[in-house]
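[1] structure here, sequence nowhere to be found:
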């Protein structure tokens, strides 16, 4: 019965994912199980299965899903994990752990019974802080405000999915991740930690649980890729704003993101940007009207 369950969803990340998995075997804390939730295409799937066979560690479990999507992958892992675990840790599939006591620090952070969630220090390869003190939250207009490079432990508003853990008692209160955050899955981590906080738990930033997040690119930075990112950013932000702050706060969001849309249209000199981003906001509104999809699946006996 492991004290810690680690979940790593992966999608076509190859060597970076394999390096992330191997690092866990070098950690001082050993009382864990690891679930690898693979959504990769056939060639990468075969390499991932070969890695699991090579490591031959009974603590490592593997499942492949045909349906792609980060919230769904996390929920599928939560359905399979050992329910007796005390803490559930989520990692991205392209991180470098900077200390061999990384897992120990996460576990120690829950010695305070009021703590429901922990996010560690994240040194980003591509994303830069946009505020001068430790923070991770959404502004009143829905913009993500983040700086997880701090060196002092403190309370924080939301956690970040590349390096976040939860007390299982808190997880059992709120259920699974919301599948409405599809596509790039932006803000599904902010949504989940917001729900944990609303359930009465403290969220903390613990700088000793430190890693580097590589944010490995999956392709070139062409206009269609940048616009696709903005599309899901606008959709997820509209959904989050309505779900957690209600219709009364939506005009503030429209003002902030309307300005962002105009800047993108001018910068990219593209007439399609404004109507495309307006459609993204409309999809976010539609998702909110449909209601959250947070259920952890119930697996038939014998399915893993």
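    It's in. All of these numbers come straight from a predicted model, not from anything done at the bench.
[2] relative to residue 109, how far out is the nearest residue to residue 31 once chain neighbours are set aside?
    Distance criterion CB to CB, 6 or more residues apart in numbering; nearest residue to residue 31, sequence neighbours excluded, is residue 3 at 4.6 Å. No exception for glycine: its C-beta is placed from N, CA and C like everyone else's. With distances taken as CB to CB, to the nearest Å, residue 3 is found 13 Å from residue 109.
[3] try residue 204
    6 Å.
[4] angles on the backbone of the residue nearest to residue 31, please.
    With angles defined as degrees, to the nearest 10, residue 3 sits at phi -80, psi -20.
[5] show me what the helix with the most length in the chain is packed up against.
    The helix that spans the most residues within the chain, counting by DSSP state H, is helix 223-245. Judged by 3 or more CB pairs under 8 Å, 6 or more residues apart in numbering; DSSP states H and E, the packing partners of helix 223-245 are strand 135-138, helix 188-198, helix 250-268, helix 273-290.
[6] would you format these as JSON lines with mean neighbour count, distance to residue 29 and mean pLDDT included?
    Shown next, in JSON lines, are those (neighbours: other CB atoms under 10 Å; distance: least, CB to CB, whole Å; pLDDT from 0 to 100):
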{"stretch": "strand 135-138", "mean neighbour count": "20", "distance to residue 29": "25", "mean pLDDT": "97"}
{"stretch": "helix 188-198", "mean neighbour count": "22", "distance to residue 29": "23", "mean pLDDT": "98"}
{"stretch": "helix 250-268", "mean neighbour count": "15", "distance to residue 29": "41", "mean pLDDT": "97"}
{"stretch": "helix 273-290", "mean neighbour count": "17", "distance to residue 29": "38", "mean pLDDT": "97"}
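[7] tell me which of these lies nearest to residue 128.
    Ranking those by proximity to residue 128 (CB to CB) places strand 135-138 first, at 13.6 Å.
[8] next SSE after the closest one?
    Sequence-wise, the next helix or strand downstream of strand 135-138 (DSSP states H and E) is strand 144-147.
[9] give me the buried positions along that following strand.
    For strand 144-147, burial by neighbour count (16 or more other CB atoms under 10 Å) applies to 144, 146, 147.
[10] just those now: which is nearest residue 265?
    For the buried residues of strand 144-147, the closest approach to residue 265 (CB to CB) belongs to residue 144, at 20.8 Å.
[11] dump the residue contacts of the spatially closest residue to the closest one that is not a sequence neighbour.
    Distances taken as CB to CB, 6+ apart put residue 138 closest to residue 144, at 6.0 Å, once the chain neighbours are dropped. Residues counted as contacts of residue 138 (CB atoms under 8 Å, 6 or more residues apart in numbering) are 144, 145, 158, 187, 190, 237, 240, 241.
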